[in-house]
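Undergrad: Give me a 3D structure for the following:
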Amino acid sequence: MRKKNLIEALLEFDDEDHITIGGEAWSWVPKIERICGKTQSYMPFYCINEPNHEGDCYCGCKDVSFDPNN
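TA: The predicted structure follows:
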């Protein structure tokens, strides 16, 4: 997926828990406010856990747990 496709998909968020891509509703896609979003400054890690989660953050694309404060 390209950045353009991601932006288009994110524009489709509505008040319910799904987005529509190509006329099909996807209910598994989380809303942005439901993602922790903490990062690690010297590595390309972005946490996909829910906000205020316990323990280390987790980067799904790199498949690694990390401490955002280090």
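Undergrad: now the end-to-end length of stretch 60-70.
TA: 18 Å (CA to CA, to the nearest Å).
Undergrad: if we look at that stretch, which residues are touching it?
TA: Under the criterion CB atoms under 8 Å, 6 or more residues apart in numbering, residues 38-40, 43-48, 55-59 lie in contact with stretch 60-70. All C-beta spots, glycine's among them, are computed from the backbone N, C-alpha and C.
Undergrad: What's the local residue count around R2?
TA: For R2, the number of neighbouring residues by other CB atoms under 10 Å comes to 7.
Undergrad: Local confidence estimate at it?
TA: Model confidence at R2, expressed as pLDDT, equals 75.
Undergrad: residues in contact with it?
TA: By CB under 8 Å, 6+ apart, R2 has no neighbours at all.
Undergrad: Give me the buried entries from the contacts of stretch 60-70.
TA: When these are checked for burial by 16 or more other CB atoms under 10 Å, the buried set is K38, Q40, F45, Y46, C47, I48, C57, Y58, C59.
Undergrad: Which ones among the residues you listed lie within strands?
TA: Secondary structure from DSSP state E places Q40, F45, Y46, C57, Y58, C59 of the buried ones among the contacts of stretch 60-70 in strands.
Undergrad: Show me the two of the residues you listed that sit farthest apart.
TA: Across these, the two members that end up farthest from each other (CB to CB) are Q40 and Y58, 11.6 Å apart.
Undergrad: List the contacts of N49.
TA: Each residue near N49 by CB under 8 Å, 6+ apart is listed here: I35, C36, C57, Y58.
Undergrad: Distance of it relative to F66?
TA: Computed as CB to CB, to the nearest Å, the N49 to F66 distance reads 11 Å.
Undergrad: again, but for G60
TA: Taking CB to CB as the measure, G60 falls 12 Å from F66.
Undergrad: Those two - which one has more neighbours?
TA: The residue with the greater number of neighbours, taking G60 and F66 and applying other CB under 10 Å, is F66; the counts read 18 against 12.
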